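Asker: Mind looking at a prediction? Sequence and model below.
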Amino acid sequence: MPAGDLEHSPFWYVTLPSEETAKSIGQRALLTKMMVEVWGEGSTWEELEAALQAYPAEAMAPWVGPEHTFKVVVDAFGSKLTMDDQLDLIEKLEFLPFKGKVRLRNPELTFVLLVVDCEWNDSLVDVALPRRYYFGRQVAAADRGVLESYSLKRRLYLGPTSMDAEIAFIMCNQAKVKRGQLMLDPYAGTGSILVAAAHYGAKVMGTDIDIKVLREGKPGPGGPGSATERVCIGSNFTQYGLPQPVGLIRLDTHKHPLRPDLQEVLHAVIGDPPYGVRAGGKKSGAKPEIADRRNPITDPSTHIPATQPYTLGECLRDLLDLSARLLVVGGRLVYFLPATPETYCEEEVPGHPALRLVANSEQILTMRYSRRLVTMEKVHPYDAAAAAAYHAARPDPTMAIDRLHDIVYEQLDEAAKKEAAEAAPRRRCRGKQF
Amino acid sequence: MKLLTHNMLSCHIKNVRNGYPFLIEVVKVSEHEADFDPDFLKHIFPRINWPAFLQGAQSLGCREGLPEEAAESMLEDEGFLKRFHHALLEVFLEEGSLVCPETGRKFPVTKGIPNMLLNEDEC
């Protein structure tokens, strides 16, 4: 339940079966900054103080004794507090019966005073929260340090569309990746999502239609003869001490070579499908207009196969169908769907009879362009006839977003720009930090 | 390419009926220690086509100690799990080819990566 019944509130009350549950969520979640057992709240300091005075002594007792070291941190949302402001507030909490020793580095317990004050902050249009104070015991905190260690800034092998470490980890959380599982990224590229899934202990497999990115890699930071003279997907796994992928295959998801009776073998399919802004989709076969001009094939194993454009609609149909077939029941597909305000409509989000939509979350990238993280779960065993019927009822898989390149690079004249700006109120998103 | 991958692939050239399993032409095989995960092995075992696995293991020289027939009960035996793990995930075809049993078309495996893209007259 969101605080103040505001759906955009960054503070939510949750009821969990145990503190252990809260801790395990805290360990894994990246977007949940912390979990706090609230001891009191109020819209004024007096209200907060009264609420804390009223908090049962027996509920406080296990945490305030002399045997615990502790610290109090002040977190401000919507405004900034100087160090002096923070110290003043902490001093005002002196009425609380803490008997333990204060320790700022690695205390046993951390208490949080949260100050919500958005009154003077007009950039937080979505979250004009009422003024409020919260105080409580921190039960769990997100381990965002993992993101720092996997930062792309120090990643050995990168490409123009490498997935940001935080997003790759979030994708793996959406897919519930864990040890004992097999995960596939059908658009593996430089392997960013594979790295995140391997961090969580899954065996990972990557495929891509681009042989160069998969096999050749590129010159690395080391000089000739050194271990990093050339870097490739494998270098990224070595860098983090992760087990290597169990398979890398160059294939085309549209005409894939997986044996026809292969089913229910994967727990997660996670990928960023190719679309037109930075890397357009490709599939096997020559474009009709150049088919006649291709060199004759003398040796099929060394001939360089032609590829032709692959619309996002077709690509997603193939992705969903492949996932529906290869996932175990309960397994998840997580992928990004590009969207623009002009083209996105919920009905166009691709479906499949074996898959259920679990989440569809927008990430705003620019005013005219966003992407949606789509999470689907396999809820029925794969039924080829049902899938065929579903697709037959939707003969053209092309989506409005297949015009994406045109939309992003479209030249608007001044009048049209003004009109567009007026029609669509400027959307802002909340920063990661508060 | 490990035998896990070999087990999943079949020849997808248009009109090929008996494209499974691929024959393996070996140029270079290497071994790398892999993370031993019994839960993963128990998950994957019933999904492995056993005759194809044995045939692949024969080609890569790791057939020894693998039983002719597969039965779920073998998963209780730690020794079997270790041998299965080794042949499935630790033996690696670095250079060679996957050869379609019907047409003889070779799909090259270079730096351990099979190139399964079809030429335009094959799709």
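Answerer: Structure received. Owing to the predicted nature of the structure, the values given are computational and were not obtained by experimental measurement.
Asker: what kind of secondary structure is the closest residue to chain A within chain B in?
Answerer: Residue nearest to chain A within chain B: residue B:39 (3.2 Å; C-beta to the nearest C-beta). (Glycine included, C-beta is placed from N, CA and C.) Per DSSP: H, G, I helix; E, B strand; the rest coil, the secondary structure class of residue B:39 is helix.
Asker: Equivalent analysis for residue A:61, please.
Answerer: Residue A:61, by the three-state scheme (three-state DSSP), is helix.
Asker: ok, so what distance separates residue A:364 from residue A:372?
Answerer: Applying C-beta to C-beta, to the nearest Å, the value for residue A:364 to residue A:372 is 10 Å.
Asker: what's the single longest helix in chain A?
Answerer: Across chain A, the longest stretch assigned as helix under DSSP state H is helix A:312-326.
Asker: which secondary structure elements does that helix contact?
Answerer: strand A:266-271, strand A:327-339, strand A:355-366, strand A:369-378, helix A:384-392 (3 or more C-beta pairs under 8 Å, 6 or more residues apart in numbering or on different chains; DSSP states H and E).
Asker: Show me the helices in the chain, by range?
Answerer: Picked chain A for this. Going by DSSP H, chain A shows helices at A:19-28, A:45-54, A:57-64, A:83-92, A:145-149, A:165-174, A:192-199, A:211, A:233-239, A:312-326, A:384-392, A:404-409, A:414-423.
Asker: Actually, chain B is the one I wanted.
Answerer: B:3-8, B:38-44, B:50-60, B:78-85.
Asker: would you list these in TSV and tack on mean neighbour count and mean pLDDT?
Answerer: Putting the helices of chain B into TSV (neighbours: other C-beta atoms under 10 Å in any protein chain shown; pLDDT from 0 to 100) gives the following:
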stretch	mean neighbour count	mean pLDDT
helix B:3-8	24	98
helix B:38-44	17	97
helix B:50-60	19	98
helix B:78-85	16	96
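Asker: pLDDT weak spots in the chain?
Answerer: In the absence of a named chain, this looks at chain A. A:1-5, A:122-127, A:276-280, A:404-405, A:407-434 (pLDDT under 70).
Asker: Next, the distance between the ends of stretch A:358-377.
Answerer: 7 Å (C-alpha to C-alpha, to the nearest Å).
Asker: what's the burial count for residue A:283?
Answerer: 19 (other C-beta atoms under 10 Å in any protein chain shown).
Asker: Same question for residue B:88.
Answerer: Residue B:88 has 26 neighbouring residues, counting by other C-beta under 10 Å.
Asker: Pretty sure it sits against residue B:3.
Answerer: Yes. With contact defined as C-beta atoms under 8 Å, residue B:88 counts as touching residue B:3 (5.4 Å).
Asker: Mutual contacts of the two, please.
Answerer: residue B:53 (C-beta atoms under 8 Å, 6 or more residues apart in numbering or on different chains).
Asker: picking up where we left off before, of residue A:364 and residue A:372, who's got more company?
Answerer: Shown here are residue A:364 and residue A:372; by other C-beta under 10 Å, residue A:372 has more neighbours (17 against 13).
Asker: ok, the closest residue to the more buried one other than its chain neighbours - contacts?
Answerer: Once flanking residues are discounted, residue A:372 sits nearest to residue A:337: 4.6 Å by C-beta to C-beta, 6 or more residues apart in numbering or on different chains. Neighbour list for residue A:337: A:316, A:349, A:360, A:371, A:372, A:374, A:401 [criterion: C-beta under 8 Å, 6+ apart].
Asker: of those residues, closest to chain B?
Answerer: residue A:316 (19.9 Å).
Asker: what about the closest one, how many residues close to it?
Answerer: Residue A:316 has 22 neighbouring residues, counting by other C-beta under 10 Å.
Asker: Name whatever forms a beta bridge with residue A:252.
Answerer: residue A:255 (DSSP bridges).
Asker: so who does it touch?
Answerer: Contacts for residue A:252 were tallied using C-beta under 8 Å, 6+ apart; they are A:209, A:282, A:283, A:284, A:307, B:116, B:117, B:118.
Asker: just the strands in chain B please.
Answerer: Along chain B, the stretches classed as strands by DSSP state E are B:23-31, B:91-99, B:106-110, B:113-114.
Asker: Report the separation between residue A:87 and residue A:42.
Answerer: Residue A:87 is 21 Å from residue A:42, by C-beta to C-beta.
Asker: What of residue B:66?
Answerer: 69 Å.
Asker: Now the stretch 301-434 of chain A against chain B: closest residue?
Answerer: Counting by C-beta to the nearest C-beta, the stretch 301-434 of chain A gets nearest chain B through residue A:301, at 4.3 Å.
Asker: sorry, back to before: look at residue A:87 and residue A:42 and report which has more neighbours.
Answerer: In this view residue A:87 and residue A:42 are compared by other C-beta under 10 Å, and residue A:42 has more residues nearby, 17 against 12.
Asker: Surely the more buried one and residue A:132 touch.
Answerer: Yes. The criterion here is C-beta under 8 Å, and residue A:42 meets it with residue A:132 at 7.2 Å.
Asker: With adjacent residues omitted, what lies nearest to residue 59?
Answerer: The chain I'm using is chain A. residue A:39 (7.8 Å).
Asker: try chain B instead
Answerer: Here the residue nearest residue B:59, using C-beta to C-beta, 6+ apart, is residue B:24, at 3.9 Å.
Asker: ok, that neighbour touching residue B:98?
Answerer: Yes. With contact defined as C-beta under 8 Å, residue B:24 reaches residue B:98; the gap is 6.4 Å.
Asker: Spell out which parts of chain B neighbour chain A.
Answerer: Neighbours of chain A within chain B, by C-beta under 8 Å from any C-beta of the partner chain: B:1-2, B:4-5, B:8-12, B:20, B:32, B:34-35, B:37, B:39-40, B:43-44, B:47, B:49, B:89, B:97, B:105-108, B:110-123.
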